[in-house]
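1. Next input, structure requested:
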Amino acid sequence: MTASGEMNERERRALIRRRRRRLADEREEAKVYRELAGRRGGEEREILLSIAEAEERHAAHWAQLLGSDAGPERRGNLRSRVLALLARRFGSVFVLALVQQAERRSPYDTDLDATRAMAADERVHEEVVRGLAARGRARMSGSFRAAVFGANDGLVSNLALVLGVAGGGAGTGTVLLTGLAGLLSGALSMGAGEYISVRSQRELLAASTPHTADATQLLPHLDVDANELALVYRARGIPPDEAQRRAAELLRNTTAPVEVPRPDDEDDVVGSGWSAAVSSFAFFGSGAAVPVLPFLLGMEGTVALLVAGVLVGIALLLTGATVGVLSGGPPARRALRQLGIGAGAAATTYLLGMLFGTLTG
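-> I've put the predicted structure just below:
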């Protein structure tokens with residue numbers, strides 16, 4: 001065989017490997033969507049099953065191109081296998097956010113073997129998954145916000161408190177007592193603050209909720225010519241012509257209830273006051289416990305401070321990456337941002353503690 005023939009044979013083997021990889025990945029992605037659909041119901045289940053069917057069509061395309069070269073069924077890439085496992089165990093918005101990022105990295109825009117329809121499908125899948133993830137984010141927004149902010153505040157504020165007291169020259173016992181006091185006071189303050197915040201937001205929404213029962217009782221007594229009922233609809237953002245049409249229709253049928261727009265899923269968006277309070281308390285407490293842990297284990301001095309700093313740094317990276325994944329952004333950038341802000345706050349407090357300790361010493 002000539003050198004050119006050998007090169008062509010190598011290219012053919014590389015082409016077969018690539019197609020086999022695409023086939024395995026598509027089959028694995030279809031499993032991910034079917035696992036997610038298995039943990040949902042109603043419209044979301046139907047949407048996820050439809051995406052799974054599209055992924056199976058893509059797999060059929062690669063199987064047809066391979067023909068007899070398809071060989072035995074292979075496992076997909078590690079990312080898809082992990083997503084399938086997570087979908088099987090959890091099926092949460094966290095998994096949807098990861099799937100959204102996976103769809104964004106589709107290789108079909110540059111793969112000449114993939115059809116334009118397949119490339120378009122993957123783009124659409126990203127938007128569909130983004131929409132499903134947005135639903136989940138809306139449902140968990142109240143408690144999740146409290147949890148993330150609580151953990152981050154606990155990590156940063158208590159590390160800064162511990163470092164500030166240590167920088168001022170306090171002994172190990174004083175540092176430990178200060179850290180525990182900061183943990184309890186901060187967790188209680190965060191829990192109470194979140195409860196009041198959510199309750200206040202609910203009360204504001206309640207004040208804007210239409211009193212349709214009162215409006216219905218007034219229908220028989222309204223002036224048909226003036227038709228002031230239309231103003232109710234216009235005040236809720238309905239265009240004048242549509243408001244007039246709805247009001248006229250109601251006045252012709254005075255037994256019909258008055259229905260005016262109200263905020264969509266306001267309970268899901270605001271969340272529960274107690275849920276937000278408990279989440280904030282628990283996560284602040286768990287975050288604030290991290291910088292105290294080395295002192296509870298008997299460490300002292302610089303070693304304890306270094307261990308506390310490393311543990312808090314790891315925790316900040318994890319919380320930042322989690323926020324990045326759930327928000328659909330790059331997790332590494334969010335993690336480093338979280339770490340940088342926390343490290344800056346802690347270092348500043350430590351330096352101020354050293355300064356005050358020197359001035360009062």
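2. In this protein, where is pLDDT below threshold?
-> Counting by pLDDT under 70, the chain shows low-confidence ranges at 1-7, 89-93, 136-146, 198, 201-233, 236, 250-273, 325-329, 358-361.
3. secondary structure element for residue 72?
-> Using DSSP states H and E, residue 72 maps to neither a helix nor a strand.
4. And it, how close does it get to residue 32?
-> In this view, residue 72 and residue 32 are 21 Å apart by Cβ to Cβ, to the nearest Å. Using the backbone N, CA and C atoms, a C-beta is placed for each residue, glycine as well.
5. more crowded one of those two?
-> Neighbour count, other Cβ atoms under 10 Å: between residue 72 and residue 32, residue 32 has more, with 28 against 5.
6. Settle this for me: the more buried one is touching residue 80, isn't it.
-> Yes. Counting by Cβ atoms under 8 Å, residue 32 does reach residue 80; the two are 6.4 Å apart.
7. Identify the residue spatially nearest to residue 287, adjacent ones excluded.
-> Nearest non-adjacent residue to residue 287, counting by Cβ to Cβ, 6 or more residues apart in numbering: residue 154, 2.8 Å away.
8. Where does that neighbour sit: helix, strand or coil?
-> Here residue 154 is recorded as helix under DSSP: H, G, I helix; E, B strand; the rest coil.
9. That one: how many residues sit nearby?
-> Here the number of neighbours of residue 154 (other Cβ under 10 Å) works out to 29.
10. Please apply the same query to residue 62.
-> 22.
11. buried residues in the one helix or strand it maps to?
-> Assigned by DSSP H and E, residue 62 falls within helix 42-66. Under the neighbour-count criterion of 16 or more other Cβ atoms under 10 Å, helix 42-66 has 44, 47-49, 51-52, 54-56, 58-59, 61-63, 65-66 buried.
12. Same check on stretch 33-41?
-> Buried positions in stretch 33-41, judged by neighbour count with 16+ other Cβ under 10 Å: 33, 34, 35, 36, 37, 39.
13. what's the last one sitting at in phi/psi?
-> Going back to what we said before, that points to residue 39. With angles defined as degrees, to the nearest 10, residue 39 sits at phi -110, psi 10.
14. can I assume it is in contact with residue 87?
-> Yes. Assessed by Cβ under 8 Å, residue 39 is found in contact with residue 87 at 7.4 Å.
15. The residue lying closest to residue 37 once chain neighbours are set aside and residue 33, how far apart?
-> Excluding its sequence neighbours, the residue lying closest to residue 37 (Cβ to Cβ, 6+ apart) is residue 48, at 3.8 Å. Per Cβ to Cβ, residue 48 is found 5 Å from residue 33.
16. What about residue 40? Give its phi and psi, please.
-> Per-residue torsions, residue 40: phi -130, psi 170 (degrees, to the nearest 10).
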